[in-house]
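Undergrad: no FASTA, just this:
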């Protein structure tokens with residue numbers, strides 16, 4: 001593979017690295033300062049806006065950070081639709097089909113874009129708008145902790161009270177399975193084997209019948225292969241053993257990719273399951289590692 005850049009800087013030992021955020025960067029091996037990256041994929045979002053990406057413009061260099069559609073479902077080349085920041089007058093985001101504007105968000109009013117009343121602060125992500133002399137952009141960040149209820153608890157949190165970024169991955173997997181099936185994990189009990197939604201999804205996957213998990217309104221979708229892949233990735237997210245789950249950036253890449261996926265191991269069927277009964281190599285001390293601890297801070301509003 002040959003890579004080239006129009007940067008005027010020279011480096012002694014350039015390396016390419018995929019960061020945990022999902023940002024693919026080219027940098028000097030001895031310099032991990034983001035300001036000194038030679039190139040980064042976050043400057044070219046494609047069709048997906050990840051946390052910490054920017055949607056806007058660098059007013060100093062003229063670089064546009066914008067989303068673009070694929071040419072087709074099988075062709076990732078840039079398509080006709082773009083979603084970018086219009087900096088003429090008060091900045092706002094616009095959707096365009098080639099040169100025809102099809103949607104405007106309205107200017108930022110301090111809380112949200114004036115034309116997007118449904119854009120509200122929530123417990124999953126925090127959005128932000130930055131406008132200064134150097135740049136203007138919209139972006140979002142995931143909150144310090146995932147939404148946790150008795151329907152989304154990871155087994156290590158439910159049993160031992162251990163919480164980490166992998167607990168958030170577990171919760172994400174449950175949410176995706178709920179969206180695809182149209183059913184809630186909490187309160188779901190299959191009449192034949194009395195498992196919850198995770199157990200039901202696992203049994204159908206193991207028997208090659210994952211399509212039966214999909215809500216009837218989605219089964220004739222032209223994106224059926226993507227939906228089935230999402231089920232597979234979700235089962236990788238809800239594996240009972242902490243160390244078997246991928247980090248969130250890997251989950252996003254798997255959802256958006258087409259390569260072969262690893263076979264998921266058994267998920268946690270019940271919150272009361274004893275971790276000691278699972279085939280987990282992670283020790284109790286490893287579960288409480290400070291490398292992955294997430295602290296939730298509550299602020300009164």
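TA: That came through fine. The model shown is predicted, which means the values in this text are computed figures rather than measured ones. Numbering: from 1, shown residues only.

Undergrad: in its sheet, what does the helix or strand that contains residue 136 sit against?
TA: Taking DSSP states H and E as the definition, residue 136 sits inside strand 135-142. Neighbouring strands of strand 135-142 in its sheet, by DSSP bridges, are strand 55-58 (antiparallel), strand 125-131 (antiparallel).

Undergrad: which among those is found nearest to residue 210?
TA: strand 125-131 (28.2 Å; Cβ to Cβ). (Each C-beta comes from the backbone N, C-alpha and C, glycine too.)

Undergrad: what sits up against the closest one?
TA: 51, 56, 91, 108, 112, 119, 121, 136-143 (Cβ atoms under 8 Å, 6 or more residues apart in numbering).

Undergrad: residue contacts, the residue positioned nearest the centre of the chain?
TA: Taking Cα atoms, centre = their mean as the criterion, residue 252 is the residue nearest the geometric centre of the chain, at 4.8 Å. Neighbouring residues of residue 252 by Cβ under 8 Å, 6+ apart: 22, 48, 50.

Undergrad: and residue 210, what does it touch?
TA: 201, 204, 228, 231, 232.

Undergrad: so, low pLDDT: which residues of the stretch 51-200 of the chain?
TA: Residue ranges of the stretch 51-200 of the chain with pLDDT under 70: 122-124, 144-151, 158-159, 161, 189-194.

Undergrad: so in terms of bridging, what pairs with residue 139?
TA: With DSSP bridges as the rule, residue 139 is bridged to residue 128.

Undergrad: the longest helix belonging to the chain to strand 135-142, inter-axis angle?
TA: Looking across the chain with DSSP state H, the single longest helix is helix 165-181. Computed with axes from the mean of the first three to the mean of the last three Cα atoms, to 10 degrees, the direction of helix 165-181 lies at 90 degrees from that of strand 135-142.

Undergrad: from what I see, residue 116 and residue 104 are in contact.
TA: No. Look at residue 116 against residue 104 with Cβ atoms under 8 Å: they stay out of range, at 9.8 Å.

Undergrad: can you map out the helices along the stretch 151-300 of the chain?
TA: 155-160, 165-181, 197-206, 224-237, 248-256, 284-287 (DSSP state H, counting those that start in this stretch).

Undergrad: and the closest residue to residue 20 other than its chain neighbours, what does it touch?
TA: Sequence neighbours aside, residue 249 is the residue nearest to residue 20 in space, at 5.2 Å (criterion: Cβ to Cβ, 6 or more residues apart in numbering). Counting by Cβ under 8 Å, 6+ apart, residue 249 makes contact with 18, 19, 20, 21, 22, 50.

Undergrad: try residue 72
TA: Contacts of residue 72 (Cβ under 8 Å, 6+ apart): residue 79.

Undergrad: could you list the low-pLDDT ranges of the stretch 201-301 of the chain?
TA: Scanning the stretch 201-301 of the chain for pLDDT under 70 picks out the ranges 268-301.
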